[in-house]
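>>> okay, here's the prediction I keep looking at, along with the sequence it came from:
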Amino acid sequence: VSLTQSIGSRAGFSALGSVDAHQISLMMLAIAIGLGLVAHVQAAALSTNNGAGRAGDMYHHASEEAGTTAHDASEQRALATGPKAPTGTHPQPDPQRVNRPLVPYALEPLQWGAVEAHGWIRDWATAARNGAGSPEHAMFANLKAHDYPPFHIPLDCQLSVDGWKDGRPCSLAFYDEDSAYWIAGMTRLGAVLHDTTLIARVAEDFAAVMANPDWFNATWTKGRADRGREAEGWVRSIYSRALLAYYDYTGDPQILEFLSSSFGNYSASNSQGGRSLTQIEACVEAHAYGAPRELVDTAITMMTESPASLEYLEALLGDCSKGSVEQHGACLNHEHGVTFNEQAKLYAMISSWNGNSSFRQASVNAYRMAALYDVQVHGVVSSNENLAGIGPNVGTETCDVSDFMYSNEWMLRIIGDGMYGDHLEKAFYNAAPGAVNRSFEGHVYYQSPNLVTSSPGVNGPANEPNVTDPRWEEAWYHTPPCCTGNQVRMLPNFIHHMMMGTPDGGLAITMHGPSALTMMLGGGVKTSVVVTTDYPFSEIISIAVTSAAAAEWPLTVRVPGWCWAALAKVNGVVTTLSPDNSGFAVIETTWAAGTTTLELTLPMAIRATAKTTFANGNQDIGIYNQTRMPFANFPGQNGTSDLPFCVVEYGPLTFALPAEQGTDGIFNYAIDCDARAMQVSKPQAALPQPFDWPLVAPLTITATAAQFDWPDVWKLPKAKVQTAAPRTDIKLIPYGCAKQFHVSMFPILANEIE
């Protein structure tokens, strides 16, 4: 067995030198792109260490206390622009894909259905299938006009709100987007569960859409008031993802023919920018499956000539420094959360097809900026509709849990940096369960790091104290119902990307957790890989590889950035895994016919870290009762930077003090932010089945704390808390088990009274 460091080394940011991308006019930028002159433009504001960025710097606003334990290995990694992938002489691991991009992906997607839900994650995915993802129970199959009072529901919506089964969405502003999310989620959930009922249901929808191409092909270019029954380009993009996944899973040639015709007749000049640009994903993915090259040309034209695209590009290659973001929202830091996540990844996506490295860099900059200034302790960007900084009160829209994860899945594919896998696990194991209830039949529109029953987000904003804002409350649907459809996408997208192909013909375990795979490896040998683990509630991961014949292929595993000494036990021999700069280590061995079992150990330790809030200065954020609210009145806005708080973590999990009904209801604690003073209680038995993120959590952390006068968990103290109150032990549980009501950004207890 040979353990190597072979995914690739990561280049850092190059200095901008005498060229200032922020000062290039859109016209000059377009000319430069056309001439290929911006291929070397980088963002000087993000350069450190003579051009070598550091992944740990993404949390530079945090200052670690001396008591923090468990060295974060990600701080020693240079920020990736990505490994140099081989030219792709091996067959693509997804047999449906016939065309590779000009710059091959660092990690290659597998066929939908190859990676299956397994173990406790299958329990959760089954709950999603029977809850929000069920054709029988989802709001889009049952909703009637009187159930949706905020809007007047047009007649066509009253007659049919069952997805697009009549060939097109209804004319209501949100139904088309939401039902497209729902269909896309059901399609992919059906694939990872091999659920024939879900696949049959979406097949009806697709047949109706293909029989009515005019509805799908019409692109919305007008204001909503003039919209009529035209379908928005953004909605076409969402729905195309469902069609593409269905094609990949079934190989139905009608799907590819339909997409080839629809996007082959599409003019790039029709794109209005913004989310409509996301149609390039459908174009490049359809070509990857065999659609004409002209679709890629259309996508490239959209990204290199659209004024909206060039404006975004200029911003992301400009000054993304803390001061610029804080003062005037540089680097799109005031953008709508969904729009930011959906559009920011497109530059890396198109760079794979046009070879322009500045486009790739723009996407890398975008997600580094988000990590610096907007990623909350639960792992997803704040988004009170718009990006909103880091703070205890700031909401994260459930749509952004899905979209942030989806965009990082694309970045992991393109760039190949394990840092994006770290982002994905943090989001999936914290924000995702925090967004939905235990039965997956209800969800919140917003979640905040701190929320108790007396929070303004539950009882209403300060200027309307008697009005309840339902956005922080669990409900089976919210208005607008975008999150109600979008929540179904979280699980299948993550499950599908838990394993990916490598361009050397091997397999990568990219995200850890129970999963199962069947595919051809090692030159056409049928192989199954079953990952059995209670991760992230356990640090032990068992991998059983069953091969129909002896075969050789490399197994690549991601070593999380927080893990300081990963171990692999292969054929009875224990070896320390030494990840490369991308965070991956490769196990090269000959797989014998039959079953070979490997065991990974990813040692976890408590991390207690002192950090500070960040306010991005956005003065117009969020929607409250369908009306734009000013900064001072919006209940979820974070208006203060540099407030200290402590975050407690263990592996990819963030820990919280539960405050839901049935707990003692006491939340006004400051904690000793010293990991050495904390203890973890590990599970002594297997996880409960079915697993539903129970309040009686499988892992707990005991911390030292003291009560103080803190009536509002949305307002952190300006300094460490000094109190003579007696010290007591409090029990923290994983953020996802705490669900809606919790405290996860803790005031810091001063060790001595000054």
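Looks like it arrived, so ask away.
>>> how near is Pro694 to Tyr249?
Using CB to CB, to the nearest Å, Pro694 is found at 33 Å from Tyr249. Every C-beta, even on glycine, is put in place using the N, C-alpha and C of the backbone.
>>> more neighbours, the two?
The neighbour count for Pro694 versus Tyr249, taken as other CB atoms under 10 Å, is higher for Tyr249 (21 against 13).
>>> thought Met706 was touching Arg727?
Not quite, residue 706 is Ala, not Met. Yes - counting by CB atoms under 8 Å, Arg727 is a contact partner of Ala706 at 5.4 Å.
>>> who's more crowded, the two?
Of the pair Ala706 and Arg727, Ala706 is the one with more neighbours under other CB under 10 Å, namely 21 against 12.
>>> what bridges to the more buried one?
Ala670 (DSSP bridges).
>>> in contact with it, which residues?
Tyr669, Ala670, Val721, Thr723, Ala725, Pro726, Arg727, Thr728, Leu749 (CB atoms under 8 Å, 6 or more residues apart in numbering).
>>> and Thr728, by the same measure?
With CB under 8 Å, 6+ apart, Thr728 has these contacts: Thr704, Ala705, Ala706, Gln707.
>>> next, it: phi, psi?
Thr728 adopts backbone torsions of phi -140, psi 160, taken as degrees, to the nearest 10.
>>> what of Lys611?
Torsion angles, degrees, to the nearest 10, at Lys611: phi -130, psi -180.
>>> before we move on, what's the pLDDT of it?
What the model reports for Lys611 is a pLDDT of 97.
>>> then Trp472?
pLDDT at Trp472 comes out at 82.
>>> surely it meets Thr396?
No - proximity of Trp472 to Thr396 does not meet the contact threshold set by CB under 8 Å, at 10.7 Å.
>>> which one of the two has more residues nearby?
Thr396 (31 against 22).
>>> who's that one bridged to?
Residues in a beta bridge with Thr396, per DSSP bridges, are Ser383, Gln447.
>>> pLDDT score for it?
94.
>>> how much space separates it from Gly274?
21 Å.
>>> what about Asn571, how many neighbours?
There are 10 residues near Asn571, going by other CB under 10 Å.
>>> so where's this protein shaky on pLDDT?
For the chain, the stretches with pLDDT under 70 are 1-89, 137-175, 218-232, 267-273, 328, 456-470, 617-639, 661-665, 752-754.
>>> list phi and psi for the residue nearest to Pro392 when sequence neighbours are not counted.
In space, and not counting its chain neighbours, Pro392 is closest to Asn450: 3.8 Å by CB to CB, 6 or more residues apart in numbering. Torsion angles at Asn450 (phi, psi; degrees, to the nearest 10) stand at phi -120, psi 130.
>>> so Asn450 sits against Trp714, correct?
Yes - contact criterion CB under 8 Å: Asn450 and Trp714 qualify, at 6.2 Å.
>>> any common contacting residues for the two?
By CB under 8 Å, 6+ apart, the residues touching both Asn450 and Trp714 are Pro392, Asn393.
>>> what about these two, which has more around it?
Shown here are Asn450 and Trp714; by other CB under 10 Å, Asn450 has more neighbours (27 against 21).
>>> OK, contacts around the more buried one?
Pro392, Asn393, Val713, Trp714, His742, Val743, Ser744, Met745.
>>> mind checking how far the second one is from Thr613?
Think Asn393. According to CB to CB, Asn393 and Thr613 sit 10 Å apart.
>>> more neighbours, these two?
Shown here are Asn393 and Thr613; by other CB under 10 Å, Asn393 has more neighbours (28 against 21).
>>> grab the nearest non-local neighbour of the more buried one.
Trp714 (3.6 Å).
>>> what's the answer for Cys737, then?
Ala697 (4.1 Å).
>>> ok, now which ones touch the one you found?
Ile733, Pro734, Cys737.
>>> what's the helix or strand for it?
Using DSSP states H and E, no element contains Ala697; it sits outside every helix and strand.
>>> do the same with Val530
strand 525-533.
>>> about what we covered before: what touches both of Trp472 and Thr396?
Joint contacts of Trp472 and Thr396 (CB under 8 Å, 6+ apart) are Tyr446, Gln447, Ser448.
>>> switch the residues you listed over to a markdown table; also include distance to Asp176 and neighbour count.
Below are those laid out as a markdown table (distance: CB to CB, whole Å; neighbours: other CB atoms under 10 Å):
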| residue | distance to Asp176 | neighbour count |
| --- | --- | --- |
| Tyr446 | 23 | 27 |
| Gln447 | 26 | 28 |
| Ser448 | 29 | 29 |
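>>> closest one to Thr304 out of the contacts of Asn450, please.
Using CB to CB, Asn393 is the member of the contacts of Asn450 that sits closest to Thr304, with 40.1 Å.
>>> am I right that that closest one sits in a strand?
No - counting by DSSP: H, G, I helix; E, B strand; the rest coil, Asn393 is located in no strand; its state is coil.
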